[in-house]
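Student: what follows is a predicted protein model with its sequence.
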Amino acid sequence: MGNPKAFLTVPRKEAGYRPIHDRIHDFGEVEQTLNTRDRQEQASRCMDCGVPFCHWACPLGNKDPEWNDALYHGEWETAYKLLKKTNPFPEFTGRICPALCEKACVLYHTTGEAVTNRENECAIAERAFLEGYVTIEHPKRNGLRVAVVGSGPAGLAAANALNYMGYEVTVFEKNEAAGGLLRYGIPNFKLNKKIIDRRIEVMEQEGITFRFNEELRMKNEEFATALSTTDDSSLFTFHSSLSDYDAVVIATGTPVARDLKVPGRELKGVHLALELLSQQNRVLAGMEFSKEERITAKGKDVLVIGGGDTGSDCIGTAHRQGCKSVTQIEIMPKPPVGHNPSTPWPSWPVILKTTSSHEEGCTRRWNINTLEFLGENGKVTGVKVQEIEWKPATVPAGSPAGATARPIMVAKGEPFVIKADLVLLAMGFLKPEHPEYPENVFVCGDAANGASLVVRAIASGLQTAKRVSEYLSKQ
Ligand SMILES: Cc1cc2nc3c(=O)[nH]c(=O)nc-3n(C[C@H](O)[C@H](O)[C@H](O)COP(=O)(O)OP(=O)(O)OC[C@H]3O[C@@H](n4cnc5c(N)ncnc54)[C@H](O)[C@@H]3O)c2cc1C
Ligand code: SF4
């Protein structure tokens, strides 16, 4: 284990964010890095608990105590090898994972200061690329071919694992580059896209083929439509380009965002969050858009509807585009600050989250329902909203023991208007429905489980690769 007494003498030290006045003017990553000595000292705080809850909390089962110990002793290559055993892309999770492991850390429970696992993970991954521990492997081929549809973290993880098992893997991606929401959702200030390019280069050198601008469709039908149709057996025959493969992995994410169908939705200036976020990432990649196509917050009062992480990414993007003001509203109540008795340790605490984007300036309001988009000359000028409260509902008589009833939304006071000339809808994504696929078709990531996290998508991709291999080895 690390230094047995370090958790008593070394406080948690985060690398922190670049100062607001500096970071707000560019899309560079906001998070800084610690020097090597401080990083190793942070790793020394890991107590190697008898029952390490971090293993349990991490969907990948990352062995944090083991690589923290190697890191503490300066054995960076060993640390990377241990990390790589469970996580194929630590440079992604090291940047953008909410660090489920840290909230389950015994030090978080006892002192409120978890080991800085996520940052340690990122440091190990970066050192591995820098020092050349990330080597190119050429797995022996087994003569079987697998197609992966979608190149988000789930598809990449499945492709990577299957390639190492010896399958010849082709990834079909409808976009012009790989990464899914890593590239066209998550802003560059959280994840620089060169980090994705670097990994894709390794995967290509190891033998994976990427085919971009190829939206896989089912025979005779839009692929997306087919995903929500269950009654037409002709859909089960895939597009001819997939017929050459022994198995297919569908990792197409959650393509449909939840919309808000209230009066005025058609007004110019009301957009789904991803319309703004993906376009901004493309602009930073050098793509050009006409003035009519361009969505920008420059000089505008921005209203973000939806209090989650996507909403927070819209706030950070709006700041960098030069907005006049940003307000974020959420229909649910404000979560408890600091501690929530209903989500006790080691579960993930449902508490108020303040991101780097919130720190940059934002008015946040909870218990606000949206009634109507208001506009002039076809453009949005404001949003009529209503404060609400949630009243507990009575469980109907005869319900099974332990049954709960959804709380009832009750209007409070008079509706009022929030001025806005750009409105961004960040209210989550619909879980895709799938038909019954042939037995050699496997679904993973958000496409299988609904919108979630990068770490869960990677874990799902890895599990699916195992299922594919088990299936093919029996044929
Ligand atoms: C704005 C935003 C910010 C987020 N921030 C974080 C964060 O900080 N941390 C975190 O852990 N999670 C975050 N998430 C969630 C995370 O990005 C997703 O859970 C994760 O990317 C899901 O991975 P996936 O591979 O299942 O799907 P996706 O990443 O959605 O990838 C699906 C891929 O399939 C492709 N595709 C779809 N249909 C077809 C087709 N028919 N043919 C070919 N290709 C197709 C798509 O173009 C896409 O590339 C965020 C999500 C959003 C929207
Ligand atoms: S992937 Fe996330 S939960 Fe797992 S060890 Fe890394 S930071 Fe923790």
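Tutor: Thanks, I have the structure now. Ligands and ions are numbered 1, 2, ... in the order given.
Student: every contact and neighbour count from this point should use C-alpha atoms.
Tutor: OK.
Student: hang on, isn't residue 97 packed against residue 455?
Tutor: Yes: at 6.5 Å, residue 97 and residue 455 qualify as touching, with contact defined as C-alpha atoms under 8 Å.
Student: the more surrounded of these two?
Tutor: More neighbours surround residue 455 than the other of residue 97 and residue 455, with 26 against 17 (other C-alpha atoms under 10 Å).
Student: residues contacting the strand or helix carrying the more buried one, please?
Tutor: For residue 455, the host element (DSSP states H and E) is helix 454-473. Applying C-alpha atoms under 8 Å, 6 or more residues apart in numbering, the contact partners of helix 454-473 are 58-60, 93, 96-97, 153-159, 161-162, 165, 246-247, 249, 440, 442-446.
Student: and the average pLDDT for that helix is what?
Tutor: In this model, helix 454-473 has an average pLDDT of 98.
Student: put the alpha carbons of that helix into CSV.
Tutor: C-alpha atoms of helix 454-473 as CSV (Å, rounded to 0.1, in the frame of the first residue of the first chain):
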residue,chain,number,x,y,z
VAL,A,454,-18.6,7.5,-20.5
VAL,A,455,-17.2,5.0,-18.0
ARG,A,456,-20.5,3.0,-18.2
ALA,A,457,-20.4,3.1,-22.0
ILE,A,458,-16.8,1.7,-21.9
ALA,A,459,-17.7,-1.0,-19.4
SER,A,460,-20.7,-2.0,-21.6
GLY,A,461,-18.6,-2.1,-24.7
LEU,A,462,-16.1,-4.4,-23.0
GLN,A,463,-18.8,-6.7,-21.7
THR,A,464,-20.4,-6.9,-25.1
ALA,A,465,-17.1,-7.8,-26.8
LYS,A,466,-16.9,-10.8,-24.4
ARG,A,467,-20.5,-11.8,-25.3
VAL,A,468,-19.6,-11.5,-29.0
SER,A,469,-16.5,-13.7,-28.6
GLU,A,470,-18.4,-16.3,-26.5
TYR,A,471,-21.1,-16.4,-29.2
LEU,A,472,-18.6,-16.7,-32.1
SER,A,473,-16.5,-19.3,-30.4
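Student: how far does that helix sit from its chain's centre?
Tutor: 18 Å (C-alpha atoms, centre = their mean, to the nearest Å).
Student: now stretch 110-129
Tutor: 18 Å.
Student: next, give phi and psi for the residue of the stretch 1-150 of the chain at minimum distance from ligand 1.
Tutor: Nearest residue of the stretch 1-150 of the chain to ligand 1 (C-alpha to the nearest ligand atom) works out as residue 150 at 3.2 Å. The phi/psi pair for residue 150 (degrees, to the nearest 10) reads phi 110, psi 130.
Student: ditto for residue 75
Tutor: Per degrees, to the nearest 10, the backbone of residue 75 is at phi -90, psi 80.
Student: show me where the stretch 101-250 of the chain has strands.
Tutor: With DSSP state E, counting those that start in this stretch as the criterion, the stretch 101-250 of the chain has strands at 145-149, 168-172, 209-211, 247-250.
Student: and the ones you listed as a markdown table, adding mean pLDDT and distance to residue 138?
Tutor: Output for the strands of the stretch 101-250 of the chain, formatted as a markdown table (pLDDT from 0 to 100; distance: least, C-alpha to C-alpha, whole Å):
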| stretch | mean pLDDT | distance to residue 138 |
| --- | --- | --- |
| strand 145-149 | 96 | 16 |
| strand 168-172 | 97 | 11 |
| strand 209-211 | 97 | 14 |
| strand 247-250 | 95 | 21 |
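Student: would you reformat these as a markdown table and include distance to ligand 2 and mean neighbour count?
Tutor: Formatted as a markdown table, those follow (distance: least, C-alpha to the nearest ligand atom, whole Å; neighbours: other C-alpha atoms under 10 Å):
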| stretch | distance to ligand 2 | mean neighbour count |
| --- | --- | --- |
| strand 145-149 | 23 | 25 |
| strand 168-172 | 24 | 24 |
| strand 209-211 | 25 | 18 |
| strand 247-250 | 22 | 24 |
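Student: distance to residue 432 for those - can I get that in TSV?
Tutor: Putting the strands of the stretch 101-250 of the chain into TSV (distance: least, C-alpha to C-alpha, whole Å) gives the following:
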stretch	distance to residue 432
strand 145-149	15
strand 168-172	19
strand 209-211	23
strand 247-250	12
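Student: next one: stretch 323-337 to chain centre, how far?
Tutor: Distance, centroid of stretch 323-337 to centroid of chain: 20 Å (C-alpha atoms, centre = their mean).
Student: gap between the two ends of that stretch?
Tutor: Across its full length, stretch 323-337 reaches 28 Å between end residues, using C-alpha to C-alpha, to the nearest Å.
Student: name the residues that touch that stretch?
Tutor: Here stretch 323-337 makes contact (C-alpha under 8 Å, 6+ apart) with 297-307, 311, 315, 318, 350-352, 361-369, 388-390.
Student: how about stretch 96-110?
Tutor: If you take C-alpha under 8 Å, 6+ apart as the criterion, stretch 96-110 is touched by 7, 49, 52-58, 113-118, 190-191, 345-349, 453-455.
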